[in-house]
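Chemist: Starting from these lines, generate the structure:
(2 chains, ligands or ions: 2)
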Amino acid sequence: MKNLALIAYLDIKESLRSKWFYVYSFVFGGLMALFFITGVSDAVVMGFTGLSRMLLIFIQITIIILPIFILITTVKSIAGDRESHILEYMLSFPVSLKSYYWGKMAGRFVTVFLPVFFALLMGVIFGLIKGGSLPWGLILLYTVLIFALCFTFLGIAFFISSVVKSTDIALGSSFSVWILLLAFIDIALIGLMLQNRLDDKIILALAMLNPIEVFRIGAISLFDPELTVIGPVAYYLLDSLGRNLLIIYAVVYPVAVGGVFALFGYIAFKKRDLL
Amino acid sequence: MIIKAKNISKKFMREYVLDHISFNLKSGDRVALMGPNGAGKTTLVRAILGFYKLDGGSLEVFGKNPIKSRVEVLGGISFIPQLPPPIKLNIEELLKYVSKSSGIPKEAIVKEAKKMDLNLKANLNKPFFKLSGGMKQKLLIAIALSKKSKLLIFDEPTANLDPKGRKQFYELLSGINRECSTIYITHRLDEIEGLINRKIYMELGKIVEDERL
Ligand SMILES: Nc1ncnc2c1ncn2[C@@H]1O[C@H](COP(=O)(O)OP(=O)(O)OP(=O)(O)O)[C@@H](O)[C@H]1O
Ligand SMILES: [Mg+2]
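Modeler: Ligands and ions are numbered 1, 2, ... in the order given. Reported below is the predicted structural model:
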């Protein structure tokens, strides 16, 4: 593992110069700035204080777009390195595959987590300037959720990059994974429930297995279920599991999913042809 | 023995690209590896570097399995690929990667590059892929030569060089330790004739000629 830090460091430096990183930072920073300009943060609607409401909207948008950002940029750069023979050259030096794979993942993690985290901080700082009490519990929860979200989808992205050799197919697979997960979030689940096509238990299981849905439920779990339009699935889970258990599940389960995918990706990377 | 290959095979899409190849490479062997496009030269070299799982046979480099003992094996090999890859790291970062992973002092690479009229100090912040084709090639050569490896593998290393660059490269090569083994893939035997003492000719995944000079 001796070169892990070196590989992570170089990956971060490379990312900091890349266009995707600027777009990525701009999108999340811009989103937060937009909320303040448009005054989303000032309104008190449906029992939310302004800042909480704004953070909630921010995290809900993040939960939808962050996965596809992570999947596409990661898959593209890793599969791209293989196609353009960068991987062949870099791996002709005496670094272990373990250091290389996990070093890349660590470096990537820093570059995808920090911009979103800074956007969140920006929101907090704006909130401090405007005065009023800050929802610290919410801020902490969202920080942890963003952390888990990054880890989960990085794990999936690294798995796809290891298993699929061509950039095009890897990008296609990433997109399919994202669409599939989006298709099974609350709105679609309500549809299924209403039509009575599926047993309610299956629908709940689908919701609990889908990391995006789990994040969504985690994100609203601190709000009073009576006040919020949170969707029947989320309401039911919140009601039956209780808030604390649900929050723990919303963090631990996706992280476990990401970890398992990352590990399988590593095994595939080691066991198969490198090029 | 530097390389011991016994009956090694590699299939891509059900076709043998390496078809039961056996050969040995002793220290001091300087081989010109030749053959038509698609003969399997690059594939053979990549197997030696531990990039491919073989479909059969056994391959040892420095007495070790290049996949299982990749760090030890690659520690003794310098490799220059067929085309300089579009690495996005800048020169400074690339030098850092090489020097930390392989234990070469950066100054050694800078010095080696200077012998080919490549000034690295002036380009430290330039991304590697933005160098000219010849400059890239020279940097890869400088890295390979400063590594002081027991085995050097060059996959057509002079493709991008101007005549002067080529001449400088061959001069550098004639300066390397005679104990070193070299595998030199080329389509232009005349250029390296003075540097080699063995010729291996491949065709359709087989070694069809192996001649000591
Ligand atoms: N990853 C791969 N997947 C499928 N086929 C491959 C792969 N790599 C090489 N091949 C095939 O193996 C054969 C040998 O390729 P190789 O690159 O070893 O040839 P070569 O002797 O180096 O040729 P050249 O002189 O053109 O560099 C070719 O037919 C090539 O298409
Ligand atoms: Mg070749």
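Chemist: for chain A, what are the nearby residues on chain B?
Modeler: Those residues of chain B that sit near chain A, judged by C-beta under 8 Å from any C-beta of the partner chain, are B:46, B:49-53, B:70-75, B:77, B:79, B:81, B:83, B:85-89, B:93, B:96-98, B:100-102, B:127, B:140. The C-beta positions use only the backbone N, C-alpha and C, and glycine is treated the same way.
Chemist: Out of the residues you listed, which end up buried?
Modeler: Among the residues of chain B next to chain A, the ones that count as buried by 16 or more other C-beta atoms under 10 Å in any protein chain shown are B:46, B:49-52, B:70-71, B:73-75, B:77, B:79, B:81, B:83, B:85, B:87-89, B:93, B:96-98, B:100-102, B:127, B:140.
Chemist: In strands only, show me those residues.
Modeler: B:I77, B:F79 (DSSP state E).
Chemist: Just to be sure, which of the buried ones among the residues of chain B next to chain A are found in helices?
Modeler: B:46, B:70-71, B:73-75, B:93, B:96-98, B:100-102, B:140 (DSSP state H).
Chemist: Identify the spatial nearest neighbour of A:I78, chain neighbours not counted.
Modeler: Nearest residue to A:I78 in three dimensions, chain neighbours excluded: A:S161, at 3.7 Å (C-beta to C-beta, 6 or more residues apart in numbering or on different chains).
Chemist: Show me which of the ones in helices among the buried ones among the residues of chain B next to chain A is closest to ligand 1.
Modeler: B:R46 (7.6 Å; C-beta to the nearest ligand atom).
Chemist: wouldn't the closest one be in contact with A:E88 here?
Modeler: Yes: when contacts are counted by C-beta atoms under 8 Å, B:R46 is listed as touching A:E88 (7.4 Å).
Chemist: Are there residues contacting both of the two? Which ones?
Modeler: A:L275 (C-beta atoms under 8 Å, 6 or more residues apart in numbering or on different chains).
Chemist: now stretch A:29-43: mean pLDDT?
Modeler: Stretch A:29-43 comes out with an average pLDDT of 77.
Chemist: Tell me the gap between the helix or strand hosting the residue nearest to A:I78 and the middle of its chain.
Modeler: Taking DSSP states H and E as the criterion, A:S161 maps to helix A:136-163. Distance of helix A:136-163 from the chain centroid (C-alpha atoms, centre = their mean, to the nearest Å) equals 4 Å.
Chemist: And stretch A:118-134, by the same measure?
Modeler: So, by C-alpha atoms, centre = their mean, the centroid of stretch A:118-134 is 22 Å from its chain's centroid.
Chemist: And for stretch B:179-193?
Modeler: Centre to centre, stretch against its chain (C-alpha atoms, centre = their mean), the figure for stretch B:179-193 is 10 Å.
Chemist: One more: stretch B:162-182?
Modeler: Per C-alpha atoms, centre = their mean, the centroid offset for stretch B:162-182 relative to its chain is 13 Å.
Chemist: Can you pull out the residues in contact with that stretch?
Modeler: By C-beta under 8 Å, 6+ apart, the list of residues contacting stretch B:162-182 reads B:2-3, B:25-31, B:112, B:115-117, B:134, B:137-138, B:141, B:145, B:148-154, B:157-158, B:161, B:191-192, B:194-196.
Chemist: just the residues you listed that are near ligand 2?
Modeler: Counting by C-beta under 5 Å from the ion, nothing from the contacts of stretch B:162-182 sits close to ligand 2.
Chemist: for ligand 1, what are the nearby residues on chain B?
Modeler: For chain B, the residues in contact with ligand 1 (C-beta under 6 Å from any ligand atom) are B:F12, B:M13, B:V17, B:G35, B:N37, B:G38, B:A39, B:G40, B:K41, B:T42, B:T43, B:Q82.
Chemist: who's in contact with the nearest residue to B:P36 once chain neighbours are set aside?
Modeler: Among residues not flanking B:P36 along the chain, B:E203 sits closest, at 6.6 Å (C-beta to C-beta, 6+ apart). Taking C-beta under 8 Å, 6+ apart, we find B:E203 in contact with B:G35, B:P36, B:A39.
Chemist: Now do A:F126, the pLDDT please.
Modeler: 82.
Chemist: Give me the buried stretch members for the helix holding A:S161, please.
Modeler: A:138-139, A:141-143, A:145-163.
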